[in-house]
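>>> A predicted structure for the sequence below; I have some questions about it.
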Amino acid sequence: MTPNRRDLLHMAGIFGALPLVAAVDDPPHPLTGAIVDEKAASIHPYPWGEHRLYFQGATANGRTASAGSVWVKPGMEPHPPHKHPEDEFQVIVEGTGEMLLEGKTTPAGPGTMMYTAGNQVHGVRNTGTTPMVIYYCHWQA
């Protein structure tokens, strides 16, 4: 059985307390229309790179959503392949790597986008020599 995001993020010593835990465990805060510059995002450093959280909370239609970016160091991944109930889009804007979806690994670079339906196993890994930047958005369907 593949662990879900909550199980993975609660494993002590693997990632630290990744901010996405809040998207699963904390009650959502209402989102309002906004434009957020990269410098205004909430920045969280990790051994694998950096997570920038732009938005997190309940949308106008009552869904829980979050959006941000991860900057992944060469040879690293933000977490092992996992699944969660939220749908998710990810797009690589810099660097090269691999995207895994339901057991199939695909080489990926700038402009590559992955859609993951809820509870599909997925992951990303930087296989290049420069940081890989990925923007994501996930929400409860």
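All right, it came through fine.
>>> contacting residues for residue 65?
Counting by Cβ atoms under 8 Å, 6 or more residues apart in numbering, residue 65 touches 31, 55, 56, 57, 58, 59, 137, 138, 139, 140. For glycine as for every other residue, the C-beta is placed from the backbone atoms N, C-alpha and C.
>>> Any of the residues you listed buried? List them.
Among the contacts of residue 65, those buried by neighbour count (16 or more other Cβ atoms under 10 Å) are 31, 55, 56, 57, 137, 138, 139, 140.
>>> Just put these in JSON lines and tack on secondary structure and distance to residue 65.
Output for the buried ones among the contacts of residue 65, formatted as JSON lines (DSSP: H, G, I helix; E, B strand; the rest coil; distance: Cβ to Cβ, whole Å):
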{"residue": "31", "secondary structure": "coil", "distance to residue 65": "7"}
{"residue": "55", "secondary structure": "strand", "distance to residue 65": "7"}
{"residue": "56", "secondary structure": "strand", "distance to residue 65": "7"}
{"residue": "57", "secondary structure": "strand", "distance to residue 65": "7"}
{"residue": "137", "secondary structure": "strand", "distance to residue 65": "7"}
{"residue": "138", "secondary structure": "strand", "distance to residue 65": "7"}
{"residue": "139", "secondary structure": "strand", "distance to residue 65": "4"}
{"residue": "140", "secondary structure": "coil", "distance to residue 65": "7"}
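>>> Among the residues you listed, which one lies nearest to residue 98?
residue 138 (19.6 Å; Cβ to Cβ).
>>> How about the closest residue to that closest one other than its chain neighbours: which residues does it bridge to?
If the residues on either side of it in the chain are set aside, residue 138 comes closest to residue 88, at 3.8 Å by Cβ to Cβ, 6 or more residues apart in numbering. Note on residue 88: beta-bridge partners by DSSP bridges are residue 116, residue 138.
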